[in-house]
Each structure stands twice: as C-alpha cells, then as structure tokens.
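# turn this into a structure:
(one chain, ligands or ions: 1)
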Amino acid sequence: MRKTLYLKFILAYIIFGVFSFIMVATFASNMTMEQLKREKAETLYKEATLIANTYAADLYTNDTSLDTVKHELDALDVYLDSIIWIINPSGRMVIDSSKPLNLDDEVIIEGFDPTIMSGAYYTTGDFFGSFDDEKLSVLAPITTGYKVRGYVVIHTSMAGMMKSKESLLSISYILMVLIFLLSMIILIFFTEFVYVPIRRITDATEQYAAGNMHYEFTIDSDDEIGYLAAALQYMASEISKAEDNQKKFVANVSHDFRSPLTSIKGYLEAMIDGTIPEDKHEKYLGILLNETERLTKLTNSLLTLNNLNVRGVVLEKSVFDINQVIRDTAASAEVQLSAKEIRLDLVLTGDELYVEADMGKIQQVLYNLLDNAIKFSHTGGVIKIETTEKHSKVFISVKDNGIGIPKDSLKLIWDRFYKTDLSRGKDKKGTGLGLSIAKEIISAHDEHINVISTEGVGSEFIFSLPIVDDEDDY
Ligand code: ADP
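As a prediction, this is how the structure comes out:
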C-alpha cells in the first residue's frame with residue numbers, strides 16, 4: 001500500500017511521456033507538413049503567376065514563340081526543381097518542361113477541371129491521374145483581355161517536403177526527450193519533499209498506533225508536510241503525557257486507598273484477636289472512624305474531579321451574593337476554628353456583592369481554601385477572607401499566617417495528589433485533590449486562581465468572579 005503513491009506518480013510521468021510522443025508524432029507532424037506545403041505552394045504560386053503574366057501571356061498574344069517559352073521554362077524547371085506546364089482550359093498540354101516539344105503528339109489531361117481547386121491556389125495528389133507519385137501542384141490562370149487562355153501549372157514532388165518534415169520532427173523528438181529528462185527534476189523534488197516525508201510520517205503513525213509514543217522522527221521543512229509532522233509529534237507527546245498522568249493517577253489513588261485500608265485491617269485484626277483489649281476498643285474505633293472518613297472524603301473528591309473532567313464541567317450559573325456565601329462558609333467552619341483558636345476576619349466589600357457563577361461549586365472552592373487555611377495555620381493564628389472589587393470583577397482572597405508553601409512547590413500544589421513535605425506532618429487526612437478541584441472549577445468559569453505564599457510566613461489564595469452590576473435585572 002505504501003508504494004502506491006510513488007507508483008502512481010511514476011505512472012503519471014510515463015503517461016505524460018507517451019502522450020507527448022503521440023502529440024509530436026501526430027499533431028506536430030501534420031502541422032509541420034501543412035506549414036511546409038503552404039510555404040512551398042506560396043513560392044511556386046508566385047512563380048506560376050509570374051510565368052502566366054509574362055512568357056505564357058506573350059505566347060497567347062503571339063509575341064513570342066513556343067520554343068522560346070519552352071527554353072525559359074526548362075531553365076526555371078531546374079531552378080525550382082519542379083515540372084512546369086502550360087495547358088489550355090480544355091486540358092490540352094501546350095508545354096511540358098519535363099519533355100521535349102512534340103507538336104505531333106497531343107497530350108490531353110483527362111478530366112482537367114480548374115474549378116476543382118475551389119479557390120485554393122494549390123492541391124496535392126496525382127493531378128487528374130497525370131503522375132504516379134504524390135505532387136504538390138499550383139495553378140495560375142493565363143489571362144489576356146479578361147479571358148482565361150490557359151493555365152500555368154507547377155508540380156513539385158512531395159518527397160522533398162517529407163524529408164524536410166522528418167528532419168524538423170527529429171529536432172522536436174530530441175527536444176522532447178530533453179524536456180522529458182529535465183522533468184525528472186519534478187520526480188526528484190516529489191521524492192525528496194513529498195514522498196520521503198510522507199513515508200516517515202506513515203512510519204511514525206504506525207509506531208504511535210503500536211503504542212510507541214516516544215518514537216522520534218525529523219522532517220526539516222516548514223511547509224504543510226512539516227506542519228503535519230510537527231502536529232503529529234505534538235499529538236504523540238500529549239498522548240504520552242496523558243498516559244503517564246493516568247498511570248501516576250492510578251498509582252496515587254491506589255496508594256491513598258491502601259494506607260487507610262491497611263490501618264483499618266490492622267486495628268480490626270488486633271481487636272478480634274485480643275491484642276487490643278476490650279476497654280481500649282472505643283479509642284481505636286474512633287481511629288477507625290477517622291480512617292473511614294478519610295476514605296469517604298477521598299472517594300467524594302475523586303468523584304467530583306471525575307465529573308468536572310468527564311462532562312467538561314457543566315455549570316449551573318445563577319446570580320448570588322458572594323458575601324453571603326462567604327459568611328455561610330465561615331459559619332460552617334466555626335467548630336474547626338475554635339478548636340485551633342483561630343481568629344477569622346471577614347473584610348467584605350459592601351453589604352451585598354452579586355456575582356454570576358455556579359453557587360454550589362464556588363461554595364466548594366471556598367470550603368477547600370478555608371479548610372486548607374485552617375489545617376495549615378498554627379494554633380492561635382489569624383485567617384482573613386477579603387473581597388475586592390476591580391474592573392467589574394470581584395477578587396476573593398483567603399489569607400492565613402500558617403506554615404506557608406516552599407517556593408519549589410508553588411507550581412505543583414495544583415497537581416492532583418500533590419502535598420508539600422511541610423504539610424504532611426500537619427495534615428494526615430489530606431488527599432492533595434482540594435486545590436486541583438478548585439482550579440478546575442475556577443477555570444470552568446473562565447476565571448483565575450493564584451497563590452502568593454512564603455514558607456514560614458503564610459499563604460494567600462486569590463480567585464476572581466464576574467460581578468453583576470444590577471442584581472434586580474435577574
Ligand atoms: P490537601 O487535601 O492535601 O489539602 P490540596 O490540593 O488542597 O490537598 O492542597 C495541596 C497541598 O498544597 C497541601 O497538601 C499543602 O501542602 C499545600 N497547601 C494548600 N493550602 C495551603 C495553605 N493554606 N498553607 C500551606 N500549604 C498549603
């Protein structure tokens with residue numbers, strides 16, 4: 001299959017060659033012959049007219065003798081390499097330059113009819129059966145006193161013209177072969193710039209299809225084929241990245257599920273075989289409950305992320321007061337806050353601030369950010385949630401003075417399952433999915449979420465939402 005394009009091109013090339021040859025052999029041959037005939041006939045016709053107006057006319061007005069005219073015509077015959085006749089309108093031969101004068105032997109051209117030329121000044125053939133071979137014959141009338149007295153007919157052999165045609169045609173054939181060879185350049189260009197790159201691309205697609213996404217190939221051109229190759233390589237690298245991510249994801253999920261399950265299994269076995277005495281069961285059941293909570297949280301986060309990805313995030317947008325949502329989220333975190341003696345400051349712009357977004361999902365973002373802020377704050381810390389209005393957007397910031405994020409981790413915290421080394425001690429229940437969920441939700445709103453953080457000082461997460469100027473319109 002792979003060779004067909006090349007074969008097709010070669011076939012087209014051969015067909016081109018054969019057609020060119022046929023064209024030259026037929027059309028060019030006919031046209032050359034026609035042109036040669038026309039040129040020869042023109043010259044001969046001029047001669048014939050000249051003879052008709054001079055010697056031949058004189059002959060009919062008796063100003064000159066037959067012998068004199070015959071003599072002149074003989075000379076011209078040699079010069080023109082032709083046979084010159086003077087004939088009467090009835091077809092009777094008066095002078096034939098190819099034969100001596102013989103008045104006794106009357107020669108009549110049977111069926112001679114000057115009208116057969118019908119306007120043309122030359123004809124080809126055997127001229128009313130007078131010759132065995134093909135002749136080109138021109139005919140010029142001899143007129144004296146507005147009367148046609150006879151005709152001057154000049155016959156020349158077609159063989160000479162044939163020869164000229166052959167030599168002209170052989171030049172055409174040589175030129176054609178040269179052009180054909182030169183057009184091989186196109187074949188070379190096609191091979192180098194189209195066929196070879198396409199073969200490379202085909203090889204690469206086969207490799208990719210077989211799962212070898214790291215297969216590399218180079219095409220050094222910046223035309224459409226180069227672009228196609230680059231696009232293909234980009235596609236392969238993206239698929240390969242996606243595959244790697246998928247593997248990492250499965251590995252992370254399995255790991256995060258396995259550790260709580262192992263500890264649950266361990267505690268349960270210890271309780272059953274009596275290693276953990278019955279009076280301590282309550283304490284360990286509390287731990288088991290914690291672990292199952294962690295598993296539930298992990299499963300819920302995974303489901304949320306999956307829904308965000310699979311459905312391309314379907315948003316149920318509405319107009320709502322973001323200040324109220326912040327107040328509600330703060331209230332729901334009261335127990336956690338007081339457990340760590342954290343003060344929460346709300347610095348909200350205006351009494352009400354209307355935005356258009358998916359309220360449930362924004363609530364989730366706020367919850368995740370506040371949950372992190374509490375988790376990574378020291379006891380007695382301060383958390384500030386602030387809204388700022390700017391360019392018809394509201395910027396919502398959740399700021400803490402907790403452990404902060406190391407500089408190297410700043411870009412990675414949005415990745416699924418990523419947790420900084422610093423945070424591991426502080427938060428054993430963390431899944432590393434909260435921020436990736438927040439980012440997916442904010443991106444789905446075509447908005448942005450960013451972080452400013454200094455290790456040991458604190459962190460500030462800021463995201464934007466579109467403000468609705470007049471909520472009464474809704
Ligand atoms: P987790 O469930 O572990 O909190 P997240 O995706 O919400 O998962 O956060 C990822 C990591 O980013 C956290 O494990 C932590 O290391 C870091 N991080 C997030 N928020 C803060 C914060 N406010 N202060 C310090 N580190 C944070």
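# contacts, neighbours, all on C-alpha from now
OK.
# Phe395 touches Ile385, doesn't it?
No. At 10.4 Å, Phe395 does not count as touching Ile385 under the criterion of Cα atoms under 8 Å.
# these two: who's more crowded?
Ile385 (22 against 18; other Cα atoms under 10 Å).
# secondary structure element holding that one?
strand 382-390 (DSSP states H and E).
# what does stretch 57-69 rub up against?
For stretch 57-69, contacts defined as Cα atoms under 8 Å, 6 or more residues apart in numbering pick out 51, 55-56, 95, 101, 142-144, 149.
# so which bits of it are buried?
Of all the residues in stretch 57-69, those buried under the rule 16 or more other Cα atoms under 10 Å are 57-60, 66, 69.
# could you do stretch 235-254 as well?
For stretch 235-254, a neighbour-count test (16+ other Cα under 10 Å) marks 236-237, 240, 252-253 as buried.
# please apply the same query to stretch 33-40.
By 16+ other Cα under 10 Å, the buried positions in stretch 33-40 come out as 33, 36-37, 40.
# from the buried residues of stretch 235-254, which land in helices?
Applying DSSP state H to these, the entries found in helices are 236-237, 240, 252-253.
# looking at those residues, which one is closest to Lys317?
Within those, the smallest distance to Lys317 is 31.1 Å, found for Val253 (Cα to Cα).
# ok, that closest one to the ligand distance?
Distance, Val253 to the ligand, by Cα to the nearest ligand atom, to the nearest Å: 13 Å.
# repeat that for Leu11.
63 Å.
# check which residues of the strand holding Ile385 are buried.
Across strand 382-390, burial judged by 16+ other Cα under 10 Å covers 382-387, 389.
# could you do stretch 214-230 as well?
Of the residues in stretch 214-230, 219, 225-226, 229-230 count as buried by neighbour count, 16+ other Cα under 10 Å.
# what of stretch 191-203?
For stretch 191-203, burial by neighbour count (16+ other Cα under 10 Å) applies to 193, 195, 197-198, 201.
# again, but for stretch 80-98
So for stretch 80-98, counting by 16+ other Cα under 10 Å, buried means 80, 82-97.
# now do the helices in the chain.
With DSSP H, the ranges of helices along the chain come out as 4-23, 29-53, 55-60, 66-80, 158-182, 184-190, 196-209, 224-272, 281-310, 322-332, 334-339, 359-375, 421-426, 434-444.
# export the ones you listed to JSON lines and tack on distance to Lys135 and mean pLDDT?
Shown next, in JSON lines, are those (distance: least, Cα to Cα, whole Å; pLDDT from 0 to 100):
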{"stretch": "helix 4-23", "distance to Lys135": "26", "mean pLDDT": "87"}
{"stretch": "helix 29-53", "distance to Lys135": "11", "mean pLDDT": "92"}
{"stretch": "helix 55-60", "distance to Lys135": "22", "mean pLDDT": "86"}
{"stretch": "helix 66-80", "distance to Lys135": "14", "mean pLDDT": "89"}
{"stretch": "helix 158-182", "distance to Lys135": "5", "mean pLDDT": "90"}
{"stretch": "helix 184-190", "distance to Lys135": "43", "mean pLDDT": "87"}
{"stretch": "helix 196-209", "distance to Lys135": "59", "mean pLDDT": "92"}
{"stretch": "helix 224-272", "distance to Lys135": "62", "mean pLDDT": "88"}
{"stretch": "helix 281-310", "distance to Lys135": "90", "mean pLDDT": "84"}
{"stretch": "helix 322-332", "distance to Lys135": "108", "mean pLDDT": "93"}
{"stretch": "helix 334-339", "distance to Lys135": "121", "mean pLDDT": "90"}
{"stretch": "helix 359-375", "distance to Lys135": "102", "mean pLDDT": "93"}
{"stretch": "helix 421-426", "distance to Lys135": "109", "mean pLDDT": "70"}
{"stretch": "helix 434-444", "distance to Lys135": "92", "mean pLDDT": "91"}
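# report the distance from stretch 439-459 to the chain centre.
In terms of Cα atoms, centre = their mean, to the nearest Å, the gap separating the centre of stretch 439-459 from the centre of its chain is 39 Å.
# list just the nearest of the buried residues of stretch 214-230 to the ligand.
Nearest to the ligand out of the buried residues of stretch 214-230 is Ala230 (Cα to the nearest ligand atom; 34.5 Å).
# nice, that's everything, thank you.
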